[in-house]
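Student: generate a structure from the sequence data that follows.
(one chain, ligands or ions: 1)
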Amino acid sequence: MKVPDQIKQEVNDLRREINHHNRLYYTFDSPEIPDADYDALFVRLQELEQSYDLVTPDSPTQRVGSEPLTQFSQITHEQAMLSLDKVFNEQELEDFEARIKKRLGSEAGIEYSCEPKVDGVAVSLLYRDGLLERAATRGDGITGEDITHNVRTSQSVPLKLDVSGMRGRLEVRGEIYLGKAGFARLNARAEAQGSKVFVNPRNTAAGAVRQLDSRNTARVPLQMYCYSIGITDDIAMPARLSEVFALLDSWGLPVNPDRSTEQGMQGCLKYCLDLLDKRNALDYEIDGAVLKVNDLEIQSELGQNARTPRWAMAYKFPAEEKSTRVLDVEFQVGRTGTITPVARLDPVFVGGVTVSNTTLHNMDEVERLGLRIGDMVIVRRAGDVIPKVVRVITPEKNKKPGIIEVPSACPACGSSVEKEGEVLYKCSGGIICPAQRKESIKHFASRSAMDIEGLGDKLVELMVDAGLINNVADVFKLTVAQVSALERMGPKSSENLIAAIAGSRKTSLARFLYGLGIREVGEATAQALAQHYGDLQPIIDASAEDHELIADIGPIVAQHIAVFFSNKENLALIEELLVQGVEWEVIEKADNADVLAGQTFVLTGTLEQMSRSESKNQLQALGAKVAGSVSKNTDVVVAGPGAGSKRAKAEELGIKIIDEGEFLSLLDSLSK
Ligand code: IVH
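Tutor: Residues are numbered from 1 along each chain as shown. As a prediction, this is how the structure comes out:
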């Protein structure tokens, strides 16, 4: 079809105009035109592209997502994607600058590029001849995943750079994030549709970039700020980072408008404090500031440690705190009957999530806080940590009467509540208590235990309330007909659930043990028990003293394990589970399973040939203990490149230090 020049021109103009408005809207949060006008431009462009067959991959209309992939492909970063060292106070910032000056051997003043540390997901964008060719996650810094299909849906990432005649590759790195407003819109929609609301912007962004089906990603208004350049083919770069930002900006790449160039650490500190002040007013979440030496030549002179550049530093903000009112204190019954006080709060947005209830842990904590219902309190939340009530701010004289007391009867089953030890209160109902039953089934089905896909908390509650299941063995007796009779369960999802339950019968001994919910037996202890005994019967037959022989199992946990397996009801339940077909492979104990027994290893620095977790597994399989820090009880430190304080400590204590090569030959010699 012959397309009139005038139409071609209009399409080009529309694309330029739409890209311009996208940028104002998504990068600068300052639209120039109303949404309706924008929509009209967009619809006109779509019409012209369709009628004249003018669709090209770089058109702003091509961001709606495409057919799902079956898996992500791996990509290798030609230049490693580094991480940042972090500091928490002014002194540590001064130390950072002192180290730089010492290394440069000069006292000359240093200029810094200061930027918000955006709380999102690090990505690499690769442009070839000015067109977006590939986007990848950071992964472990060396290998990431190809997420081009998802990143293309973000309006703030240009599909084509606004520059003519650029040849070769240009890699730009930055943070993909979800703005606070976008997050609120997304959740409003989810709520209106009755679907699950998202917890916080960061997790939502991380989930969105890792979708196989980019149509799901397209529903999330992801944004991006670019913060560095990776590989380039002969594309001239300016001498300073601040100038690089200006250049990226001129090409249409999104750069953070809240960045600034500052002189010396005093300038940086002022920037950090100003940023902290306006933190809540920003439309994106940040967890600190990043300070980078501005001069690129000095950057390369300073170089890097194993994973972090010496020319940059993250200054982390303190955890966020907000005040709110405690509306009520309720008591929740856990899996083992423990009664925990939970504060119901007037909902408050803190540290990136809306908090409406939070655990008070135990009655000692309630007393320490001096908490009464109706009090104003300070709630703190940092990163992914659960929110915490840190103190009461209502003055004593204004407090309402009525201290918080543990109920004498279990709120779930009415059985008597008994005190155990200093601070614990427990429901004495055991198996008759529906709350305990629900919690133990939820735990059994959870990802780290039997991993029954689709059997979530809500469904378990529904099933227990409907009398369909009373214990974990009942789960295996469920039928499609029973499940599909429940509210909101269609025939397809019921069939899927029954298939998932059937599939979960084949498990591992460690998962099974963890799923039983023995007091204080977490995943690591369950794994240690499975490794040590190999099968269930020897565990049932063993005594508390036997369990204590396992590294990391102390007398209290050993006692809990022994008590659990001497309880008739527990043994009957296990029997029932085996009758229902739950099975695992018996672990053959190797001859060399205890050659390193009694020895403690510490792994530090970068291990290049074997991953940390694999090294740890191999050591544990030989009977060694792997600790996180060096102490006088450490026997051997395995130090890879970049090992720092742990290596120094080992040297100080005269502990044997070996490198990765020696470590691998040690494993080799012992594995024979
Ligand atoms: S620079 C070599 N700048 O923080 C420097 N990182 O802890 C590499 N981040 O993985 C990163 N905002 O995901 C840099 N303005 C910023 C940043 C930023 C957020 C993230 C990034 C990185 C992590 C490092």
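Student: per-residue pLDDT, the closest residue to Met1 other than its chain neighbours?
Tutor: Distances taken as Cβ to Cβ, 6 or more residues apart in numbering put Asp53 closest to Met1, at 6.1 Å, once the chain neighbours are dropped. For every residue, glycine as well, the C-beta is placed using N, CA and C. At Asp53 the predicted local distance difference test score is 91.
Student: now swap in Ile550 and tell me
Tutor: pLDDT at Ile550 comes out at 81.
Student: regarding the residue of the stretch 401-550 of the chain found nearest the ligand, what is its secondary structure?
Tutor: Nearest residue of the stretch 401-550 of the chain to the ligand, counting by Cβ to the nearest ligand atom: Arg447, 25.8 Å away. Using DSSP: H, G, I helix; E, B strand; the rest coil, the secondary structure recorded for Arg447 is coil.
Student: phi and psi next, for it.
Tutor: Main-chain torsions, Arg447, degrees, to the nearest 10: phi -60, psi -40.
Student: sketch out the low-pLDDT regions of the stretch 251-400 of the chain for me.
Tutor: Across the stretch 251-400 of the chain, residues meeting the criterion (pLDDT under 70) sit at 352, 382-385.
Student: give me the helices and strands touching the helix or strand bottoming out on mean pLDDT in the chain, please.
Tutor: Taking all helices and strands of the chain together, the one with the lowest average confidence (mean pLDDT, DSSP states H and E) is helix 612-621, at a mean of 79. Other helices and strands packing on helix 612-621, by 3 or more Cβ pairs under 8 Å, 6 or more residues apart in numbering; DSSP states H and E, are helix 523-533, strand 600-604, strand 625-627, helix 660-671.
Student: distance of the residue nearest to Met1 relative to Asp13?
Tutor: 18 Å (Cβ to Cβ, to the nearest Å).
Student: repeat for Leu170
Tutor: 26 Å.
Student: picking that back up, could you dump the least confident helix or strand of the chain to CSV, C-alpha only?
Tutor: Extracted C-alpha coordinates of helix 612-621, given in CSV (Å, rounded to 0.1, in the frame of the first residue of the first chain):
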residue,chain,number,x,y,z
ARG,A,612,28.1,-21.0,48.9
SER,A,613,25.1,-23.2,49.4
GLU,A,614,26.6,-26.2,47.6
SER,A,615,29.8,-25.8,49.6
LYS,A,616,27.8,-25.7,52.8
ASN,A,617,25.8,-28.8,51.8
GLN,A,618,29.0,-30.7,51.1
LEU,A,619,30.6,-29.7,54.3
GLN,A,620,27.5,-30.7,56.3
ALA,A,621,27.2,-34.0,54.5
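Student: and the direction of that helix versus that of helix 660-671, what angle?
Tutor: For the pair helix 612-621 and helix 660-671, the angle between their directions (axes from the mean of the first three to the mean of the last three Cα atoms, to 10 degrees) equals 40 degrees.
Student: returning to that earlier point: who's more crowded, Asp53 and Asp13?
Tutor: With other Cβ atoms under 10 Å as the criterion, Asp53 and Asp13 differ in neighbour count, and Asp13 comes out ahead with 12 against 9.
Student: mind checking the SS state of the more buried one?
Tutor: Look at Asp13: counting by three-state DSSP, its state is helix.
Student: give the contact list for it.
Tutor: By Cβ atoms under 8 Å, 6 or more residues apart in numbering, the contact set of Asp13 is empty.
Student: and it, what's its pLDDT?
Tutor: 95.
Student: start at 2, not 1
Tutor: Happy to do that; since the first residue is 2 now, the last one works out to Asp14.
Student: that one and Leu42: what is the separation?
Tutor: Separation of Asp14 from Leu42 (Cβ to Cβ) stands at 10 Å.
Student: where exactly do the strands run in the stretch 52-201 of the chain?
Tutor: Under the criterion DSSP state E, counting those that start in this stretch, the stretch 52-201 of the chain contains strands at 75-77, 87-88, 112-119, 122-129, 132-138, 144-146, 170-179.
Student: check which helices and strands the last one sits against.
Tutor: Translated: strand 170-179. Partner elements for strand 170-179 (3+ Cβ pairs under 8 Å, 6+ apart): strand 122-129, helix 202-210, strand 223-233.
Student: okay then, goodbye and thanks.
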